[in-house]
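> Quick one: sequence plus predicted model below, questions after.
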Amino acid sequence: MPHLALYTFGVLKAPLADPAPLTHEFYALGEAVYRRIGRHPGYLARAEPADADRGALFEADWGAWGEFAVPTWYGKGRTPETAALATTLSLWTDLRSAFDAVYTGLHREALNRRYDWFERAGHPTHVFWWVHEGTTPTWREGVSRLEHLHGHGSAPHAFTFRHSFAPDGTPAASGGVGPRSGDQVRPGRRANPRTRA
C-alpha cells in the first residue's frame with residue numbers, strides 16, 4: 001500500500017537562534033504541534049535528527065532521511081546561529097489524514113499566525129508525492145519535488161492539497177481536499193473537503 005510523503009518549507013523572518021520572545025513562542029508552539037501531530041490518525045513518521053541542537057539542521061545526522069537540503073531560493077544562513085527556516089518531512093497513510101492534521105486544532109492555530117514568523121513567499125510551501133510502503137523519502141527528494149511543483153504546477157510527481165492525485169496518478173476525485181483559492185479557514189471551522197479548486 002503506498003504512503004504519502006509531505007515536505008514543507010518556509011523562510012523565517014528571524015534566525016532560529018534569535019533570542020526574541022517571538023522566536024521562543026514559535027518553538028514552544030512548534031513542539032506542541034509536533035506532539036499532537038505525532039498522535040494524529042494516519043501519521044506514520046517524520047524526519048528527526050539523531051543528535052542535534054536547535055538550528056543545527058545542515059550538520060545533523062538525519063539517518064534514512066538523508067542529507068539535509070533546502071530549495072535553491074533559500075538565501076539565508078546555514079549555521080545554527082544564522083539558519084532562518086522551518087521545514088518538515090513526514091509520511092502519512094493518506095491525504096485526508098494529512099489535511100485534517102494540518103487544517104484543524106493546534107496546527108490550524110499556528111497557520112493563522114504564520115506571518116508573525118514567516119516571510120511571505122512566491123514559492124509553494126508544501127508538496128506531496130506517493131512512495132512505496134517501506135520507502136523513506138529524503139530531504140533532497142523533498143526539495144526536488146517542491147522545486148518541480150514551483151516550476152511545473154501540480155502533477156502526480158509533485159502535488160498540493162488543492163490539486164492532488166491518487167497513487168495511480170489520476171486526479172483526486174474531489175479535485176483535492178484543500179480549500180479553494182481565496183478561501184480562509186478560520187479557527188474552529190473546517191474547510192469543506194469537497195470544494196473544487
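Noted; the coordinates are in hand. Treat the numbers as computed from the prediction; the structure is a model and nothing was measured.
> Could you write out the alpha-carbon coordinates of the longest helix seen in the chain in PDB?
Under DSSP state H, the helix in the chain containing the largest number of residues is helix 21-37. C-alpha atoms of helix 21-37 as PDB (Å, rounded to 0.1, in the frame of the first residue of the first chain):
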ATOM      1  CA  PRO A  21      10.200  36.200  22.600                       C
ATOM      2  CA  LEU A  22       8.500  35.700  19.200                       C
ATOM      3  CA  THR A  23      11.100  33.000  18.300                       C
ATOM      4  CA  HIS A  24      10.700  31.300  21.700                       C
ATOM      5  CA  GLU A  25       6.900  31.300  21.100                       C
ATOM      6  CA  PHE A  26       7.400  29.800  17.700                       C
ATOM      7  CA  TYR A  27       9.500  26.900  19.200                       C
ATOM      8  CA  ALA A  28       7.100  26.300  22.100                       C
ATOM      9  CA  LEU A  29       4.100  26.200  19.800                       C
ATOM     10  CA  GLY A  30       6.000  24.000  17.200                       C
ATOM     11  CA  GLU A  31       6.900  21.500  19.900                       C
ATOM     12  CA  ALA A  32       3.300  21.200  21.000                       C
ATOM     13  CA  VAL A  33       2.200  20.900  17.300                       C
ATOM     14  CA  TYR A  34       4.700  18.000  16.800                       C
ATOM     15  CA  ARG A  35       3.400  16.200  19.800                       C
ATOM     16  CA  ARG A  36      -0.200  16.400  18.700                       C
ATOM     17  CA  ILE A  37       0.500  15.500  15.100                       C
END
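> For that helix, which residues meet the burial criterion?
Residues 23, 26, 29, 33, 37 are the ones in helix 21-37 that count as buried (16 or more other Cβ atoms under 10 Å). From N, CA and C alone the C-beta is placed, and that goes for glycine too.
> would you say residue 127 is within a strand?
Yes - assessed by DSSP: H, G, I helix; E, B strand; the rest coil, residue 127 belongs to a strand.
> Show the contacting residues for it.
By Cβ atoms under 8 Å, 6 or more residues apart in numbering, the residues touching residue 127 are 6, 7, 142, 145, 146, 148, 149, 158, 159, 160.
> Kindly report the same for residue 12.
Contacts of residue 12 by Cβ under 8 Å, 6+ apart are 26, 84, 85, 86, 117, 118, 119.
> now it, nearest residue through space, not along the chain?
In space, and not counting its chain neighbours, residue 12 is closest to residue 84: 4.4 Å by Cβ to Cβ, 6 or more residues apart in numbering.
> how many neighbours does the one you found have?
23 (other Cβ atoms under 10 Å).
> State whether it and residue 70 are indeed in contact, as I suppose.
No - using Cβ atoms under 8 Å, residue 84 makes no contact with residue 70, being 10.8 Å away.
> which residues are common contacts for those two?
By Cβ under 8 Å, 6+ apart, no residue touches both residue 84 and residue 70.
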